[in-house]
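*Asks:* Need a 3D model of the following:
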Amino acid sequence: MESDFDVTVVGAGVNGLMAAYHLSKNQNLKVLLLEQFDIGHINGSSHSQIRIIRSAYRDPLYVSLTLEAKNKYWP
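*Replies:* Sure thing, here's the model as predicted:
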C-alpha cells in the first residue's frame, strides 16, 4: 500500500472538510484527511445547531470563500 501524500489536512470539521474537498478536486494531488474522533462526535467547534460561521475577516479572499461555502453548501 502506497502511503505518500502531497497534502495532509488535520481535522475533519467544517474547515478541514472544505479544505480537503477543494484540494481533492486537483487530480494531481493525493490528499489525506485525518480526524481524531469518530464520525458524529460532539467535540468539534461546529457541533450542534447553535454554531456560527463568521465571514468577518480582514482578507477579502477569506470573506468570499466563507460566503461561497455558506451560500452554496449550507443554504
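*Asks:* And the average pLDDT for stretch 66-75 is what?
*Replies:* Average pLDDT, stretch 66-75: 77.
*Asks:* residues of it that come out buried?
*Replies:* Thr66, Ala69 (16 or more other C-beta atoms under 10 Å). In short, each C-beta sits where N, CA and C put it, glycine included.
*Asks:* Quick one: distance of that stretch to the chain centre.
*Replies:* 12 Å (C-alpha atoms, centre = their mean, to the nearest Å).
*Asks:* And for stretch 8-27?
*Replies:* Counting by C-alpha atoms, centre = their mean, stretch 8-27 comes out at 5 Å from the chain centroid.
*Asks:* Please identify the buried residues of that stretch?
*Replies:* Here stretch 8-27 shows Val9, Gly11, Ala12, Val14, Gly16, Leu17, Met18, Ala19, Ala20, Leu23 as buried, counting by 16+ other C-beta under 10 Å.
*Asks:* Could you find the lowest-pLDDT member of those?
*Replies:* For the buried residues of stretch 8-27, the pLDDT minimum is Val14, 80.
*Asks:* And the strands in the chain?
*Replies:* In the chain, the strands defined using DSSP state E lie at 7-10, 31-34.
*Asks:* For Arg54, find the nearest of those strands.
*Replies:* Closest to Arg54 of the strands of the chain is strand 7-10 (C-beta to C-beta; 20.5 Å).
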